[in-house]
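Trainee: sequence first, predicted coordinates after that:
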Amino acid sequence: MKYLFKLIRPKQWIKNFFVFLPMFFGGMLFNRQALLNGILVFFAFCFAASAIYCFNDIVDLEDDRRHPVKCNRPIASGAVSKLQAYGLMALMAALSAMFILLLPAAVIPKVAIVIGGYFVLNLCYCAWLKNFAIVDVCVIAFGFVLRIMAGAVAGNIHPSQWILLMTFLLTLFLSFAKRRDDVIRMNQTGEAPRKNTSRYNLTFINEAITITGSITLVCYIMYTVSPEVVKNFHTNHLYLTSIFVLIGLLRYIQIAVVDQKSGDPTKVMLRDRFIQLIVLAWILAFLFIIYVL
């Protein structure tokens with residue numbers, strides 16, 4: 001049972017908190033119905049993502065067996081069979097559909113289209129698209145944009161173009177940082193962890209991280225001072241939260257370049273106390289400005 005639980009990667013569910021961002025930035029975080037809908041969408045995405053993780057490990061079976069770390073995954077290690085993995089994948093997909101159907105009837109079709117699109121896109125990613133450098137990280141980043149869109153639909157919120165753009169850029173930044181870990185392993189062992197790793201090198205990755213991190217920060221600042229945001233939140237002080245975004249980006253670059261431990265963004269978020277404190281400070285500052293000031 002523990003291997004089946006490991007296969008669905010519940011620790012990765014932290015990524016699905018992105019569905020709450022439209023409510024957070026839209027000032028609807030304390031709206032009961034919007035929050036309830038967001039919780040249902042959160043779990044729908046969690047189970048949809050877990051179904052994809054099952055499929056990914058099935059497709060990557062042979063590559064994982066040759067990997068020094070991924071060889072311990074349930075399917076690669078032989079603890080879970082392919083048939084069991086397919087069955088678990090079907091169960092996760094069914095649970096995702098069940099949570100979608102628990103939503104108010106008016107939003108079910110739209111949420112189903114978004115999560116269905118996410119599911120199909122990631123099936124294509126696992127089977128084919130992840131073999132192409134740059135395309136692979138863009139697909140991952142777009143998956144987070146779909147999370148934002150699902151959360152916005154569930155909360156009946158029109159997401160700002162800045163939020164969509166920032167989400168894409170931030171997750172692109174994190175994806176490049178993750179690929180940096182693969183390049184380092186390739187340089188050390190002489191074997192590419194992924195089929196497309198040979199199309200990356202440290203020079204390219206470092207420049208990509210710098211570019212996406214810089215644009216993310218600029219985009220965030222432009223968001224905080226944009227007229228529609230100032231009008232919506234009745235404050236022109238949101239730019240003050242930019243300092244936390246800057247420090248957070250610099251800390252993550254430090255982890256990637258100095259510590260060389262950016263292989264799993266989820267583990268970084270769950271283990272690095274500095275980043276956790278920065279994220280908490282950013283959330284509290286943002287909440288204070290829009291809900292108190």
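Mentor: It's in.
Trainee: for the host helix or strand of Ile115, the distance to its chain's centre please.
Mentor: Assessed by DSSP states H and E, Ile115 sits inside helix 108-127. Averaging C-alpha positions (C-alpha atoms, centre = their mean, to the nearest Å) puts helix 108-127 15 Å from its chain's average.
Trainee: what does stretch 183-191 give?
Mentor: Its chain's average C-alpha position is 25 Å from that of stretch 183-191, according to C-alpha atoms, centre = their mean.
Trainee: report the rounded mean pLDDT for it.
Mentor: In this model, stretch 183-191 has a mean pLDDT of 83.
Trainee: for it, which outside residues touch it?
Mentor: Arg66, Pro68, Ala192, Pro193, Thr197, Ser198, Tyr200, Asn201, Leu202, Ile205, Gln260 (C-beta atoms under 8 Å, 6 or more residues apart in numbering). Bear in mind the C-beta positions are built from the backbone N, C-alpha and C, glycine included.
Trainee: closest to Pro227 among these?
Mentor: The closest of those to Pro227 turns out to be Ile205 (C-beta to C-beta; 36.5 Å).
Trainee: related to what we said a few turns ago, packing partners for the helix holding Ile115?
Mentor: helix 32-59, helix 82-101, helix 135-154 (3 or more C-beta pairs under 8 Å, 6 or more residues apart in numbering; DSSP states H and E).
Trainee: most tightly packed of the ones you listed?
Mentor: Of all the helices and strands packed on helix 108-127, helix 135-154 has the most neighbours on average by mean count of other C-beta atoms under 10 Å, namely a mean of 23.
Trainee: give the next helix or strand downstream of it.
Mentor: helix 161-189.
Trainee: from Thr216, how far off is Thr167?
Mentor: 10 Å (C-beta to C-beta, to the nearest Å).
Trainee: with Tyr86 instead?
Mentor: 38 Å.
Trainee: now Cys138
Mentor: Distance from Cys138 to Thr216, by C-beta to C-beta: 15 Å.
Trainee: any idea how far the residue nearest to Phe99 when sequence neighbours are not counted is from Tyr53?
Mentor: Take Phe99 and drop its neighbours on the chain: the residue closest to it by C-beta to C-beta, 6 or more residues apart in numbering is Ala44, 4.0 Å away. According to C-beta to C-beta, Ala44 stands 15 Å off from Tyr53.
Trainee: next one: Leu238
Mentor: As judged by C-beta to C-beta, Leu238 and Tyr53 stand 36 Å apart.
Trainee: outside of the helix or strand of the chain with the lowest mean pLDDT itself, list whatever touches it.
Mentor: Every helix and strand of the chain was ranked by mean pLDDT, DSSP states H and E. The lowest is helix 61-66, at a mean of 76. The contact list for helix 61-66 (C-beta under 8 Å, 6+ apart) reads Asp57, Lys70, Cys71, Arg73, Ile75, Ala76, Lys82, Glu191, Pro193, Arg194, Lys195.
Trainee: just the CA atoms of that helix, as CSV, please.
Mentor: Extracted in CSV, the C-alpha atoms of helix 61-66 (Å, rounded to 0.1, in the frame of the first residue of the first chain):
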residue,chain,number,x,y,z
LEU,A,61,10.1,2.7,-16.6
GLU,A,62,13.4,1.8,-18.5
ASP,A,63,14.9,5.3,-18.1
ASP,A,64,14.1,5.3,-14.3
ARG,A,65,15.8,1.9,-13.8
ARG,A,66,19.1,3.4,-15.1
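Trainee: report the buried residues of it.
Mentor: Asp64 (16 or more other C-beta atoms under 10 Å).
Trainee: returning to that earlier point: and the contacts of stretch 183-191, which are buried?
Mentor: Buried subset of those (neighbour count, 16+ other C-beta under 10 Å): Ala192, Pro193, Thr197, Tyr200, Ile205.
Trainee: tell me the spacing between the second one and Arg199.
Mentor: From Pro193 over to Arg199 the distance is 13 Å, taken as C-beta to C-beta.
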